[in-house]
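S.K.: Fold the stuff below for me.
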Amino acid sequence: MAVSSIGTFTFVSMQPPPSFPYQGIELESRAGINGYAAWKTGITADPFGVTTLRDVATLGAAESLFTSYQALVAADPVLIAYAGSYLPFRVLVLRVEPEELRATVLGVGGINGVSRAIVRAKWLLLPWVQP
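M.R.: Next comes the predicted model:
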């Protein structure tokens with residue numbers, strides 16, 4: 001199973017795939033002159049959202065894990081991995097919200113093996129571009 005992660009937190013799934021930094025372009029046009037001029041503005045990035053899923057042993061562990069996620073908001077940029085591979089940039093966590101914290105009857109598989117709760121969280125991340 002390929003594991004995705006944000007910082008030290010690992011997930012059963014992360015969707016959609018993270019967005020990468022890109023070369024910015026600024027277009028300029030002038031009245032009476034055909035076409036555009038294009039100027040490279042440097043590497044930039046837009047905030048993007050992902051939803052993560054993690055299985056845990058108990059509902060109490062799910063609540064505690066989500067509280068730990070919140071400690072990453074506005075902290076130092078952290079490593080991010082998707083489908084088992086670290087990406088070539090870090091991310092700044094702008095926001096994390098609970099989508100689902102619930103107990104389950106019985107979960108088998110995932111990261112925990114046998115689980116009784118899940119944590120589904122929505123993250124807003126910003127690829128960290130070094131100046």
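
S.K.: which element follows the strand or helix carrying L27 toward the C-terminus?
M.R.: Using DSSP states H and E, L27 falls within strand 22-28. Downstream of strand 22-28, the first helix or strand assigned by DSSP H and E is strand 37-44.

S.K.: Show me which helix or strand of this protein is least confident by mean pLDDT.
M.R.: The helix or strand of the chain with the poorest confidence is strand 85-109; it has a mean of 86 (mean pLDDT, DSSP states H and E).

S.K.: between that strand and strand 37-44, how many degrees?
M.R.: Interaxial angle, strand 85-109 versus strand 37-44 (axes from the mean of the first three to the mean of the last three Cα atoms, to 10 degrees): 60 degrees.

S.K.: name the helices or strands packed onto strand 85-109?
M.R.: In terms of contacts (3 or more Cβ pairs under 8 Å, 6 or more residues apart in numbering; DSSP states H and E), strand 85-109 is packed against strand 48-56, helix 59-70, strand 78-82, strand 113-128. All C-beta spots, glycine's among them, are computed from the backbone N, C-alpha and C.

S.K.: Switch the ones you listed over to CSV; also include distance to W39.
M.R.: Putting these into CSV (distance: least, Cβ to Cβ, whole Å) gives the following:
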stretch, distance to W39
strand 48-56, 24
helix 59-70, 39
strand 78-82, 30
strand 113-128, 21
